[in-house]
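# Sequence and predicted model, in that order:
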Amino acid sequence: MAIAKMKKVYLIGHQEEKEKTLGILQQVAVVEISDIHAKEAFKEAWAELVEGDQDQESLQRLESRLTEVRFALDFLNRHFPIKKNILESLGGEKKAITSSEFKVRAAEQWGPVAGAVYRELRKVDEQLMALRNEETRLQNLKTQLLPWQNLDIPLENIYATAYVIMELGILAAPDFPAFRQNLLEAVPEAFLAEISGDRNDVYVFLAYPTSLADRVREVSKQFSFNRQQFPSLTGTPAENLKRIEEEFRSIEKERKQLVAGVEEEVKHRETLNYYHDYLVMERDKKQVIGNLARTNKAFILEGWMREKDLPALNQKLAAACQTVILVSRDPEKDESFPVALDNPSVVAPFELITTLYGMPKPRGIDPTFALTPFFVMFFGLCMSDAGYGVIMAALAAAALWKLKMGKMARRAFWLLFAGGLSTVFFGALIGGWFGGLIPLEPLFFNALFDPMRMLLYALGIGIFQIFVGMGIKFYYNIREGKILDAISDQLFWALFIIGLLMLAFPGMGNVARYVAIFSALGLILTQGRAQKGLIRKFLSGVFSLYNVTGFLGDILSYSRLLALGLATSVIAMAVNMLSLMLGGTVVGAFLMVIMLFIGHLFNLLINILGAFVHSCRLQYLEFFSRFFESGGRPFKPFKLNTSYVEVVAELSSASANATSQ
């Protein structure tokens, strides 16, 4: 349960060593750089002595190049995607390179190549955009022509003459019968033909004498007759639709030719990735400069770092820089600082569980160490099948051994490995092996056949965890000098619950009553201490006893350990029973194996998810509520955000490593 001790640090140095200093800080990744201009104290004491430090022009150039490289990578990844399976996407090694070589190769090799690739791909993309625009125009035209495809009159022949007017139009389907009747009554000489229609609209061809155009327009206005024209088209609609399809095929062919023409640029994808990492590194340095202050010859940097990283950083700065001075101090009494969790390597992966809920307050409690054994235990009880545990542990161990993964992925596999071992242990004790497919009896008892016994164990574990949470809060209050709070809010409640629980055991009634009455009196006298007036204090204390129902509800929540464990076993047994019914023939045996594999795989995956979710839920709602206060700001050191390149230190001094976990 450790929150790393933090130090406020200040770095002061000559302007000529600013870039070198930032490069070192970025590589060792142990300092979170603060915006020095945001401090009121700085504005009051230093505003007239120093000024902001930022090179907007250089930053804009880097952003522009970064935009170009990202465009090129997006183009290549869109048209020539790299196909990776799940394991391959987790793995992958970075190219090791020194910082000086990184800069030289970026300037002399990667930069020129990236620029040439961008220009070529941008030209092709503009051509592809033109094709997409033409395709959109043709698609819109096709949509307009489709209702008229049964019209066998060339579109250029539909026009007005001195004697006859021919038109195409659209009417609302419900209005069509009335329109036909009114039109023929007003203009008996008119010709109206329905070309096509659906439940919303009717598409018609209309011809009438030019001399009667006013009557037709009068009827058309009554029914919102929407005239359609295709002035640029010749031939029948069907012929035009055929030409459109040919143009679609031509566009697709041209698109493939354009893309194929730049396929050779795929060979530069790796170069683009490296150059992207370089630009991100340089961009981050330029951006963070805005948080610094400067004079004509010096720069000032303010930030936070872990106390244990100070010696290594001092050593590295002393070896590389001649003018840089590092000054540190402890946080002031009410000063907020970022939170970094500091746990042993075995426990550190379980920080993932804590951070999913929230970072603890800077001067609060890190619950990771306390939750680790409970989470592992609960996961195993929820899975409760030793066969599944063997599979989980083996796959997680293989991934951890064979694959190079990011921090979060590695921690997730460590959780899966620990959960797999726990599942093997508890499955062998109270569960089985693949739902009884391997006929090994549980070493302790079978929870499926004796669920009440398992329920009592689950509730007992829950009571123990709740008391651990109360004990942590008790210790924290004592450490902070809140003796009365520790006695009133933790000790009395613990004794009251113990007294009530003791009533369930034969022969302990007298002791239980005394313990319960004593602790109840303590709660009545202390739980209303924040209220004003004796009556309010007394009534608040009396009513606080009702909160015992909340404790009992929290304890009952641990019955989910029984429910999930039984669900895993029952589904596994059902899969076995249904699969074995298929046996008896060669084909049946084949189908049986397939069903066993699919059924157990589904059961494994769905219960891994359930075990994780419900084990987390018990930590967050039943355990954390006893002592944990979130709201801290995570420690975010200035670091290299590279995906493909690992910048190797060139100095002989040992490098600090703040992100090993």
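In hand now; what should we look at?

# This protein - how does it break down into domains?
Per automatic domain parsing, the domain ranges recorded for the chain read 153-235, 348-626.

# Any chance of JSON lines for those, columns mean neighbour count and distance to residue 115?
For glycine as for every other residue, the C-beta is placed from the backbone atoms N, C-alpha and C. Shown next, in JSON lines, are the domains of the chain (neighbours: other Cβ atoms under 10 Å; distance: least, Cβ to Cβ, whole Å):
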{"stretch": "domain 153-235", "mean neighbour count": "15", "distance to residue 115": "42"}
{"stretch": "domain 348-626", "mean neighbour count": "18", "distance to residue 115": "30"}
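
# the bottom helix or strand of this protein by mean pLDDT?
Ranked by mean pLDDT, DSSP states H and E, the helix or strand of the chain with the weakest confidence is helix 40-46, at a mean of 53.

# Would you reformat the domains of the chain as CSV and include mean pLDDT?
What follows is the domains of the chain, written out as CSV (pLDDT from 0 to 100):
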stretch, mean pLDDT
domain 153-235, 91
domain 348-626, 87
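
# And those: which comes nearest residue 27?
domain 348-626 (17.0 Å; Cβ to Cβ).

# how long is that closest one from one end to the other?
End-to-end distance for domain 348-626: 22 Å, by Cα to Cα, to the nearest Å.

# just stretch 206-218 next, same as before
14 Å.

# picking that back up, any chance of TSV for the domains of the chain, columns distance to residue 323?
Converted to TSV, the domains of the chain look like this (distance: least, Cβ to Cβ, whole Å):
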stretch	distance to residue 323
domain 153-235	74
domain 348-626	32
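
# Residue 95: which of the ones you listed is closest?
domain 348-626 (12.4 Å).

# Relative to the whole chain's centre, how far out is that closest one?
Chain-centre distance of domain 348-626: 25 Å, with Cα atoms, centre = their mean, to the nearest Å.

# again with stretch 638-645
That offset, for stretch 638-645, works out to 20 Å (Cα atoms, centre = their mean).

# Now that stretch: buried residues?
638-640, 642, 644-645 (16 or more other Cβ atoms under 10 Å).

# now swap in stretch 304-321 and tell me
Quick answer for stretch 304-321 (16+ other Cβ under 10 Å): 304-306, 309-310, 312-313, 316-317, 320-321.

# And the strands in the protein?
In the chain, the strands defined using DSSP state E lie at 6-14, 31-33, 51-52, 95-98, 164-172, 191-197, 201-209, 226-228, 293-294, 298-306, 325-329, 645-648.

# how far off strand 191-197 does the fifth one point, in degrees?
Computed with axes from the mean of the first three to the mean of the last three Cα atoms, to 10 degrees, the direction of strand 164-172 lies at 40 degrees from that of strand 191-197.

# Give me the helices and strands touching strand 164-172, please.
strand 201-209, helix 213-222, strand 226-228 (3 or more Cβ pairs under 8 Å, 6 or more residues apart in numbering; DSSP states H and E).

# mind running it again at 6 Å?
Applying 3 or more Cβ pairs under 6 Å, 6 or more residues apart in numbering; DSSP states H and E, we find strand 164-172 packed against strand 201-209, strand 226-228.

# Repeat that for the last one.
Using 3+ Cβ pairs under 6 Å, 6+ apart as the contact criterion, the neighbours of strand 645-648 among helices and strands are strand 95-98.

# How about the fourth one?
Based on contacts counted as 3+ Cβ pairs under 6 Å, 6+ apart, the elements that strand 95-98 packs against are strand 645-648.

# Quick check: buried residues in the strand it packs on?
So, applying 16+ other Cβ under 10 Å, buried residues of strand 645-648: 645, 647.

# Quick one: mean pLDDT for the longest helix along the chain?
Looking across the chain with DSSP state H, the single longest helix is helix 111-145. For helix 111-145, mean pLDDT is 93.

# One more: stretch 4-24?
Stretch 4-24 comes out at a mean pLDDT of 90.

# ok, the closest residue to residue 623 other than its chain neighbours - contacts?
Nearest non-adjacent residue to residue 623, counting by Cβ to Cβ, 6 or more residues apart in numbering: residue 469, 4.9 Å away. Shown in contact with residue 469 (Cβ atoms under 6 Å, 6 or more residues apart in numbering): 623, 626-627.

# if we can go back for a sec, which stretch among the helices and strands packed on strand 164-172 comes nearest residue 435?
strand 201-209 (60.0 Å).

# now that closest one, how far from the chain's geometric center?
The answer for strand 201-209 is 57 Å, by Cα atoms, centre = their mean.

# That strand pairs with which strands?
strand 164-172 (antiparallel), strand 191-197 (antiparallel) (DSSP bridges).

# will you turn the ones you listed into a markdown table that also has distance to residue 428?
Below are the strands paired with strand 201-209 laid out as a markdown table (distance: least, Cβ to Cβ, whole Å):
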| stretch | distance to residue 428 |
| --- | --- |
| strand 164-172 | 74 |
| strand 191-197 | 72 |
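
# Straight-line length of stretch 540-551, end to end?
Note: stretch 540-551 ends 18 Å apart using Cα to Cα.

# and for that stretch, what are the contacting residues?
497, 523-524, 527-528, 531.

# Next one: residue 364 from residue 58, what distance?
Distance of residue 364 to residue 58, given as Cβ to Cβ, to the nearest Å: 41 Å.

# do residue 203 as well
For residue 203, the distance to residue 58 - Cβ to Cβ - is 62 Å.

# likewise residue 9?
Distance from residue 9 to residue 58, by Cβ to Cβ: 26 Å.

# Could you check which of these two has the larger neighbour count?
Using other Cβ atoms under 10 Å as the criterion, residue 9 and residue 58 rank with residue 9 on top: 22 against 14.

# Quick check: closest non-adjacent residue to the more buried one.
residue 328 (4.7 Å).

# again, but for residue 265
Nearest non-adjacent residue to residue 265 (Cβ to Cβ, 6+ apart): residue 117, at 5.3 Å.

# Name all residues that make contact with that neighbour.
Here residue 117 is in contact with 72, 265, 268 (Cβ under 6 Å, 6+ apart).

# check contacts around the last one.
Looking back up the chat, that one is residue 268. Per Cβ under 6 Å, 6+ apart, neighbours of residue 268: 113, 117.

# Show me what stretch 330-340 is in contact with.
Counting by Cβ under 6 Å, 6+ apart, 3-4, 6, 32, 304, 306, 359, 362, 632-633, 635 sit against stretch 330-340.

# which other residues reach stretch 201-208?
Contacts of stretch 201-208 (Cβ under 6 Å, 6+ apart): 147, 164-167, 169-171, 173, 176, 187, 190-196, 216.
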